[in-house]
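Novice: Okay, here's the prediction I keep looking at, along with the sequence it came from:
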Amino acid sequence: MEESLGAPVQKTLDDLLELESFTDLKSRLEVVRRFPAHYEDEHDAMLAEVVRQIRPYLRNVIGVTIGKGGQGKTTLSANMAGMLAAEQERLAKQGKKALPILHLELDLQGDGLFDFGLVRSKYNDQGAGFAGAVTNDAPLHVIKTDRQFLHVVAAGRHNARIADGLASLLATHGRAAHLLLALLLAQISHLYRWIVIDFSPGDRGLQQLGLAAATHLTAPLMDSDNASVRGLANLAVLAKSTRKTNPELGVAAMCFLGFRKVQGQPTSDLTIVWEKLRTALQGHNVSPDVILDDYVREGRVLAKEARNSGMLAHEFASAAAGQWTDPLTGEVAERPRDENGRLIEAKRALDIANDHAAMARAVITRVRTRNLQLKEATA
């Protein structure tokens, strides 16, 4: 008599994920503890030497930040990381060298995990491991997602521990503590093609960690009010204020999300904001060339549904077209619907995905140009 094999075990999301731990990293605290809280000239020279040594390892680090909240920062950073990972996958299929993309979030909400569909994963420790890695020399844990070339550091409410630990270290070791994330990423950057950091000005300490680690800043804007424009322009000034911890930091691109397109062209809603921002930048002696022509058209409803589905823009577009294969079942997934039960319009979802792809390419083009300039300057 044959034994019954029973029903097949259904896969869960965590079956598709893998947790990698970097356990052999050199101490970051050992470097920071060399410095007193109040620097003398000799300590400035020491700090400059540490910065000089780590900067070449951080030129693939892109910071996505904002001047004020609600401007699409997390949407931009998550989709940029996803688009860059998809490009690496294409290179691998062509037999070319490919490296994964790393996404990490300094903010306390951990909203990027929604975009990646990782909120319910057992590997989501809401930033506890990340906090320990940044401020206590603990191993860094990285989630290898079901997207072959996309790795993610879990973030969330425990990121508050980073702010607390950083405040203590700043009190005893001064601005050198702002280098903790840079010292961490410099040790693993060679394993990644690009590292994308999502952070905001919400907590000054966390912001300074991001500014010290990133080489290239990208900033989104979704609102047309003057406060939003001023906030974006002020980022360029902020970048210039971090010279002692990061002399290579600069704005690579300022971009726009959520503005209308008519026959593929911007409307006056956007062109007026472009002019406002150009004027604001020139008032700070910053070149308006950092403003991208590429932008993501209005689609907040689709962005919300994509996030609820745990999909990035290009994945959601495939699902809307009936071409998305569920990674758990291996079968074509049902087309997504909005909250009213209507099928998501495939063309509109594809247009937004293409906008994100164009923007990611434009950002990387600017980043590569800046890297060439930095390389020439330090040759």
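Specialist: Structure received.
Novice: List the contacts of the helix or strand bottoming out on mean pLDDT in the chain.
Specialist: Least confident helix or strand, the chain: helix 226-240 with a mean of 77, by mean pLDDT, DSSP states H and E. Helix 226-240 has contacts (Cβ atoms under 8 Å, 6 or more residues apart in numbering) with 65-68, 71, 211, 217, 219, 221-222, 249-251, 254, 273, 276-277, 280-281, 283-284, 286, 290. C-beta here means a position set from N, CA and C on the backbone, and glycine is covered the same way.
Novice: How about stretch 254-269?
Specialist: With Cβ under 8 Å, 6+ apart as the criterion, stretch 254-269 contacts 71-72, 75-76, 218-222, 224, 232, 235, 270, 273-274, 277, 290-292, 294-300, 351, 359, 362-363.
Novice: Kindly report the same for stretch 298-317.
Specialist: The contact list for stretch 298-317 (Cβ under 8 Å, 6+ apart) reads 75, 78-79, 82-83, 86, 114-119, 258-261, 319, 324, 336, 338-339, 344, 346, 348-350, 352-353, 356-357.
Novice: Among those residues, which ones are in strands?
Specialist: Under the assignment DSSP state E, the contacts of stretch 298-317 contribute 258, 259, 261 to strands.
Novice: Generate a ChimeraX selection restricted to the buried subset of those residues.
Specialist: Selecting the buried subset of these in ChimeraX, with 16 or more other Cβ atoms under 10 Å as the burial test, is done by:
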select :258,259
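Novice: Among the ones in strands among the contacts of stretch 298-317, which one sits closest to residue 91?
Specialist: Using Cβ to Cβ, residue 261 is the member of the ones in strands among the contacts of stretch 298-317 that lies nearest residue 91, at 29.5 Å.
Novice: List the beta-bridge partners for the closest one.
Specialist: As for beta bridges, residue 261 partners with residue 266 under DSSP bridges.
Novice: and it, what pLDDT?
Specialist: For residue 261, the model assigns a pLDDT of 88.
Novice: Can you give me the distance of it to residue 342?
Specialist: Counting by Cβ to Cβ, to the nearest Å, the separation of residue 261 from residue 342 is 22 Å.
Novice: and if you look at residue 80?
Specialist: The gap separating residue 80 from residue 342 is 29 Å, by Cβ to Cβ.
Novice: now swap in residue 42 and tell me
Specialist: In terms of Cβ to Cβ, residue 42 sits 67 Å off from residue 342.
Novice: Same question for residue 140.
Specialist: From residue 140 to residue 342 the distance is 43 Å (Cβ to Cβ).
Novice: do the same with residue 215
Specialist: On the measure of Cβ to Cβ, residue 215 and residue 342 end up 44 Å apart.
Novice: Settle it for me: which of these two has more neighbours?
Specialist: Taking residue 215 and residue 342 together and counting by other Cβ atoms under 10 Å, residue 215 has the greater number of neighbours (24 against 8).
Novice: residues touching that one, list them.
Specialist: 55, 58-62, 246, 248-250, 370-371, 374.
Novice: 6 Å - rerun?
Specialist: Counting by Cβ atoms under 6 Å, 6 or more residues apart in numbering, residue 215 makes contact with 58, 59, 61, 248.
Novice: Got phi/psi on the nearest residue to residue 214 once chain neighbours are set aside?
Specialist: Ranked by Cβ to Cβ, 6 or more residues apart in numbering and with sequence neighbours excluded, the top spatial neighbour of residue 214 is residue 63, at 3.1 Å. Dihedral angles phi and psi of residue 63 (degrees, to the nearest 10) take the values phi -100, psi 130.
Novice: Can we start the residue count at 10 from this point?
Specialist: Sounds good: first residue 10 from here, last item residue 72.
Novice: Which strand residues bridge residue 72?
Specialist: Under the criterion used (DSSP bridges), residue 72 bridges to residue 206, residue 226.
Novice: Quick check: of the ones in strands among the contacts of stretch 307-326, which lies closest to residue 184?
Specialist: Nearest to residue 184 among the ones in strands among the contacts of stretch 307-326: residue 267, at 36.1 Å, using Cβ to Cβ.
Novice: That closest one and residue 233, how far apart?
Specialist: From residue 267 to residue 233 the distance is 10 Å (Cβ to Cβ).
Novice: what's the answer for residue 253, then?
Specialist: In terms of Cβ to Cβ, residue 253 sits 35 Å off from residue 233.
Novice: Do a quick rundown of the helices in the protein.
Specialist: Remark: helices assigned in the chain by DSSP state H are 38-41, 50-63, 82-102, 121-124, 137-144, 169-182, 189-195, 213-222, 235-249, 277-292, 309-318, 322-329, 355-387.
Novice: which one of the ones you listed lies closest to residue 341?
Specialist: Nearest to residue 341 among those is helix 322-329; the distance by Cβ to Cβ comes to 9.3 Å.
Novice: List the buried residues for that closest one?
Specialist: For helix 322-329, burial by neighbour count (16+ other Cβ under 10 Å) applies to 322, 323, 324, 325, 326, 327, 328, 329.
Novice: Having no further points to raise, I will conclude here.
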